[in-house]
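Sequence and predicted model, in that order:
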Amino acid sequence: MEKPQKVVKVYDDNAGTWKYIRKDTGPIKSIELVESMLQKLGLSKNEIRVYVYLARSRERKASEISEALSLHRTETYRILRDLEKRGLVSSVFEKPLKFIATPFEKAIEALIEAKKLRIRQLERKKKDLIEIWLSLPHPEIVHQRKEVFQILEGEEQVDFKANEIVQKAETKTSIFASEDDLARLYHSGLIDRLEKLSKKKLEVKLLTKNCRKSQFFVQKIRLPDVRYSLSDIKGVPTFILTDQDELLLFIRKRSEHSNDKEKRMKLAALWTNYEAFVNAFSKLFFELWKAEKPLEISLRS
């Protein structure tokens with residue numbers, strides 16, 4: 001066993017699990033995780049490169065940063081000024097002008113607070129925007145149910161849509177989840193929402209692969225109707241059905257910008273209320289469900 005001070009616990013979004021990385025032998029992996037988080041907090045690829053370079057070195061001139069990172073000097077100055085506005089970089093007023101990075105802990109706090117501020121501002125504007133929109137003259141439109149498709153890309157968009165359709169469900173939600181996507185659904189908060197809705201007489205059925213990873217998460221779940229799939233279901237993607245009216249089908253897309261096999265697979269989803277699609281997947285879920293093994297109650301107690 002490693003000594004506690006020699007390892008760091010990090011959450012791997014791709015695997016959907018917590019991992020322990022040795023501090024002295026995993027710098028490359030650790031940097032990748034840091035860069036991934038900074039990107040989610042709104043920094044561009046080159047902004048991340050400049051900040052990380054500065055944060056891991058002493059004060060530097062713009063020309064030194066430009067040369068080290070193979071960036072055009074004009075682009076480097078622009079990035080430094082943008083990072084300075086965000087509170088992530090400071091200027092040292094001497095000749096020649098040099099730049100230093102804000103300590104990482106404070107930089108993360110600043111980025112998170114900026115995100116929160118933008119959300120609060122949008123929340124305040126929401127009511128005004130709705131009132132303005134409703135005040136506009138609108139032509140009389142007879143609303144008819146249209147069968148439509150929507151492609152969602154990225155984990156945040158997919159998670160938002162999944163929570164949206166589950167929250168709207170009135171009678172029934174059926175989920176078939178792979179072991180990796182079960183972990184994602186658990187960490188995204190969707191399972192918590194389903195647990196609460198199932199107590200309000202919403203029928204929730206969850207079917208997942210019978211493997212060690214799935215068992216780990218299933219034992220944490222408090223849903224009344226869970227089954228393990230015992231058959232070979234490798235070709236079946238994760239999907240969510242609500243009220244036999246809406247379908248959210250998870251899609252794994254390959255990224256063209258990475259050589260890392262794990263990072264090539266990007267999450268996307270297809271949402272539709274197209275009756276033929278919904279009925280087909282409802283039939284598939286029903287056939288899988290009746291053929292599979294109910295989860296023993298003792299596993300979830």
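That came in fine, so what should we check first? Predicted, not measured: the structure shown is a model, and the values here were computed from it. Numbers count the residues shown, from 1 in each chain.

Give me the buried positions along the one helix or strand residue 271 maps to.
Element membership of residue 271 [criterion: DSSP states H and E] is strand 265-272. Buried positions in strand 265-272, judged by neighbour count with 16 or more other CB atoms under 10 Å: 265-272. Just so you know, the C-beta spots here come from the backbone N, C-alpha and C atoms, and that holds for glycine as well.

Partner strands of that strand and their direction?
In the sheet, strand 265-272 lines up against strand 149-153 (antiparallel), strand 246-254 (antiparallel) (DSSP bridges).

CA atoms of that strand as PDB?
Only the C-alpha atoms of strand 265-272 are listed here, as PDB (Å, rounded to 0.1, in the frame of the first residue of the first chain):
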ATOM      1  CA  MET A 265     -15.100   8.400 -27.400                       C
ATOM      2  CA  LYS A 266     -17.200  11.500 -26.800                       C
ATOM      3  CA  LEU A 267     -20.700  11.300 -25.400                       C
ATOM      4  CA  ALA A 268     -23.600  12.400 -27.500                       C
ATOM      5  CA  ALA A 269     -27.300  11.400 -27.600                       C
ATOM      6  CA  LEU A 270     -30.300  11.300 -29.900                       C
ATOM      7  CA  TRP A 271     -33.600  12.500 -28.400                       C
ATOM      8  CA  THR A 272     -36.900  11.900 -30.200                       C
END
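
Name the residues of the helix or strand just after that strand that are buried.
Read in the C-terminal direction, the helix or strand following strand 265-272 is helix 275-291, with elements assigned using DSSP H and E. Buried residues in helix 275-291, counting neighbours by 16+ other CB under 10 Å, are found at 277-278, 281-282, 285, 288-289.

Does anything pack onto helix 275-291? Which helices or strands?
Under the contact criterion of 3 or more CB pairs under 8 Å, 6 or more residues apart in numbering; DSSP states H and E, helix 275-291 touches strand 172-177, strand 203-209, strand 239-242, strand 246-254.

any chance of the ones you listed in a markdown table, plus mean neighbour count?
As requested, the helices and strands packed on helix 275-291 are arranged in a markdown table below (neighbours: other CB atoms under 10 Å):
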| stretch | mean neighbour count |
| --- | --- |
| strand 172-177 | 23 |
| strand 203-209 | 21 |
| strand 239-242 | 24 |
| strand 246-254 | 18 |
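
Now tabulate those strands in CSV and tack on distance to residue 57.
Output for the helices and strands packed on helix 275-291, formatted as CSV (distance: least, CB to CB, whole Å):
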stretch, distance to residue 57
strand 172-177, 44
strand 203-209, 46
strand 239-242, 47
strand 246-254, 35
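
closest one to residue 77 among these?
Shortest separation from residue 77 across those is recorded for strand 246-254, at 35.8 Å, computed as CB to CB.

which outside residues touch the closest one?
153, 158, 161-162, 165, 168, 181, 237-241, 264-274, 277-278, 281 (CB atoms under 8 Å, 6 or more residues apart in numbering).

which ones are touching residue 113?
Counting by CB under 8 Å, 6+ apart, residue 113 has no contacts.

before we move on, which element is it in?
In this structure, residue 113 sits in helix 104-135 according to DSSP H and E.

So for that helix, what gets flagged as buried?
Within helix 104-135, the residues scored as buried using 16+ other CB under 10 Å are 107-108, 111.

which one among the buried residues of helix 275-291 gets closest to residue 77?
Out of the buried residues of helix 275-291, the one with the shortest distance to residue 77 is residue 277. That distance is 51.6 Å, counting by CB to CB.

which residue sits closest to that closest one, ignoring its sequence neighbours?
Leaving aside its sequence neighbours, residue 277 sits nearest to residue 247 (CB to CB, 6 or more residues apart in numbering; 5.6 Å).

So in terms of bridging, what pairs with that neighbour?
With beta bridges defined as DSSP bridges, residue 247 has these partners: residue 241, residue 272.

List the contacts of residue 76.
Residue 76 is in contact with 50, 62, 65-66, 69, counting by CB under 8 Å, 6+ apart.

Repeat the analysis, applying 6 Å as the threshold.
With contact taken as CB atoms under 6 Å, 6 or more residues apart in numbering, residue 76 is in contact with 62, 65-66.

Could you check how far it is from residue 69?
Between residue 76 and residue 69 the computed distance is 7 Å (CB to CB, to the nearest Å).

Could you do residue 50 as well?
On the measure of CB to CB, residue 50 and residue 69 end up 7 Å apart.
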